[in-house]
Every structure is written in C-alpha cells, then in structure tokens.
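In: How does the following fold in three dimensions:
(one chain, ligands or ions: 1)
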Amino acid sequence: MQLTAGIALLGHGTVGEAVAQRLEQDAETIERRTGVRCVLRGIATRRSGDARALIDDPRVDIVIEAVGGTTDAAEYVERALDRGRHVITANKDLIATQGPRLIALAASRGVCLRYEAAACSAIPVVRTLHEALAGDHIYAVAGVLNGTTTAILSAMERGAEYDAALADVQRAGYAEADPSNDIESVDAAHKLALLLQLAFESAIISPRLRRSGISATTREDAERALSLGYRIRLVAGALRTPHGAFAEIAPVLVRQEHAFAKTSGVENVVRIDARDAGTLWLSGLGAGGAASASPILGDLITLLHAIAQHPEHGTALTPRFEPAIEIVPFFHRLSRHDALPQYPVWNDALFDERNFRHEHYATT
Ligand code: HSE
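Out: Numbering: from 1, shown residues only. I've put the predicted structure just below:
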C-alpha cells in the first residue's frame, strides 16, 4: 500500500521558498528514502492569509512552519499540534521562549515537534545534543551563534564603520527583520536557550539569560583587538557545574588562533563538552534559505521514517524537559586585558571539568 503524507507549508520567505523548491525537486528522493510519498497540500503566505484553513485540512499530516516571529507562528504551531499534526519549525524565537510549553502540547497530542533548523541552520546541533549525546552528560555549550554580528565585527577589523558594516549585512539578507535582535544579542540568546534546553534537559527560556550586544563596539575597538592578537566576537557560553549553572552572551576578546575568532560572516561555530564524548566542535552555515531547508528536510525524513514504521512511536522524537534550573551570568569571572578592559578575555580553561570543583564556580 502506498503511504502518503500531506504537508502544509506556512510562510514563503527565504526559508519557506527554499523548502517549497526542495519538496518539489526532491519528491522522488524523499519517497525512495522513506517509502512515503509527500503531497504538498498548500502554501500559506502572509498575503493569502489561509494558514488556519490549511492547518485544519484533514488531509494535512505535517505542518512546516517558516513564518518566523512569535505572534502568528505561535498560534499556528499551537493549532497544528492541537489538531494532531506533526510540526517542523525553523523558528528559534518560538522554541526559545515557548518551546517547553509547545513540546508538552505535542506530547499530549501524540505528535512530534522538530526544530533542527531553528538553531544555527545547517549545523546539526539539535540532533547532536538531543540524539547523538543522549547517553552522555553534557556540561558545557559555547559558540559564536550569530552571523550578523560576526560580519559586522570582521568588517570593522578591516576598517569599516559600524553603520556601513550593518547596512552590508542587511543587504546580504542575513540580519533579522529587526536587526537590533542581532546587535543586542536577542538572536544569540534565543539560540543558546534552545541549545541549553536540550543540553541541560531543562525548560530554560531566553529572557532568563544575561546578554549584552555589540552596539557600543567601535571600529577602533575591533582594530585595537586585532593589533593585540585578538578578535572581538559575540560569544554565547554556558556551563553546568556541581555548584550551579551559568550562561551569558556578550562580546569578548578571543585569541586570533581560536576557532571562535576564525569565524567570518554567516558561519557559526559551536563547542560542546560532554563527560564521555569529550570536546566536540561543529561549524557551518548559520543562516540562509538553502542552509535552513537542509535540516528541515532532514527533520521531515526522520519523521516520515517514524510514521512509516511505527506511527504511534513518533513522539519519542520530541525532547522532554525538566522544570527550569537557575542559571546565573559568569563572564565577570573572566579576566580583562589592560588595553581593552571593557571586554572579558575568553578562556577555554572554564570548560575544563577538573576546575569545576574549584570554589571559583560557586554561584553564591
Ligand atoms: N540573523 C541571524 C544571524 C540569522 O545573523 O545569525 C540566523 O538565525
């Protein structure tokens, strides 16, 4: 018997358009890999305004949400889960602020909520934390998670002024609709919260994380850092120690030879430290239509495999979180450079588990 899955695509911006293309071009590949034929039941755009009717269409099994933001997207995702549709989303704002609630809703309705594309686009960091390291104990996550700020900081190192550098990134299409979300670290805080939910199995939401942005960083700072052997990068970091959990996002000085400093433009890099796996480094494209379509299609294929084999086991693909743990800032524990004292100096020794016993890590 031919298995089919009805798909509803919500949103037709950069990501939605790339997904629609893939669904059309790769339909046979998806069927060959999963044994399930995908049928696109409709695409709801902001202008067409028919998202609710499409979600309610009884022939829809899976809703792919690429609307972005939290206003309409939250309503659509909730509606879809409530009606028993599996949901795949690229929406980091939504997962970082409401993920635990939506995941609980998905579980109660016996459906999946998958979101690999929501953090660091092409880098499979959600799967790494939730699936590959499921048998390990993850105690640290850190990285450069926002491409817009990296592009601005590296342009300033080359002598560009802040405003011109920002305008260039906006033209390239990587900045958020409201670029202050990039500049003020809202975007990076969303991604870190989303990763910490998985790493620390805890219902952490992004407003709980201390963040500072790069709006006070000048071309002179960027050039000065370079002359001292550093680069300024917006780093998001978190640790879970026996004394408590720490997280913060801020611009820091990173030695030029460090992987965080070597990022340029839209590339993201993530470091994960786990008890048994040790230190893992993941890097790749953190934004863009194709870079987001890849993990969305990956989520779709995983979901189709599950549906084809054990329809009732689909919810095992969705994470579960314990209540939120307390998280406190920690970048004030980093040292400062005399020549640029407004920036903490990044130090990988923070991630050495042997140091965790030290009272330096006490949260009180
Ligand atoms: N504005 C984001 C960035 C896009 O610059 O990284 C991907 O989330």
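
In: Give the other helices and strands that the helix or strand harbouring A188 contacts.
Out: Per DSSP states H and E: A188 is located in helix 186-199. Secondary-structure packing of helix 186-199 (3 or more C-beta pairs under 8 Å, 6 or more residues apart in numbering; DSSP states H and E): helix 92-109, helix 125-127, strand 138-144, strand 210-211, strand 230-241, strand 244-255. The way it works is simple: take the backbone N, C-alpha and C, and place the C-beta from them, glycine included.

In: what residues are up against G11?
Out: 44-46, 65-68 (C-beta atoms under 8 Å, 6 or more residues apart in numbering).

In: ok, now P251?
Out: Applying C-beta under 8 Å, 6+ apart, the residues near P251 are 149, 153, 212-214, 217, 232-235, 343.

In: any idea which of these has the most stuff around it?
Out: Most neighbours among the contacts of P251, by other C-beta atoms under 10 Å: L234, with 30 neighbours.

In: I'd say it and S185 touch.
Out: Yes: between L234 and S185 there is a contact under C-beta atoms under 8 Å: 6.3 Å.

In: got any residues that touch both of these two?
Out: 146, 149, 213-214, 249-250.

In: can you list those in TSV and add distance to P329?
Out: Listed next are the shared contacts of L234 and S185 as TSV, based on distance: C-beta to C-beta, whole Å:
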residue	distance to P329
N146	18
T149	19
G213	15
I214	17
I249	9
A250	9
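
In: Which single one of those is nearest to E322?
Out: Closest approach between the shared contacts of L234 and S185 and E322, by C-beta to C-beta: I249, at 22.8 Å.

In: That closest one bridge partners, please.
Out: R211, A236 (DSSP bridges).

In: To what extent is it buried, counted in neighbours?
Out: I249: 30 neighbours (other C-beta under 10 Å).

In: one step back: I'd like the contacts of P251 laid out as CSV, including pLDDT and distance to the ligand.
Out: Output for the contacts of P251, formatted as CSV (pLDDT from 0 to 100; distance: C-beta to the nearest ligand atom, whole Å):
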residue, pLDDT, distance to the ligand
T149, 97, 7
L153, 96, 12
S212, 98, 17
G213, 98, 12
I214, 97, 12
T217, 96, 16
I232, 98, 16
R233, 98, 13
L234, 98, 10
V235, 98, 14
Y343, 98, 20
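
In: next one: phi and psi at the closest residue to R114 other than its chain neighbours?
Out: In this structure, R114 finds its nearest non-sequential neighbour in D299, 4.0 Å apart by C-beta to C-beta, 6 or more residues apart in numbering. Here is the backbone geometry of D299 (degrees, to the nearest 10): phi -60, psi -40.
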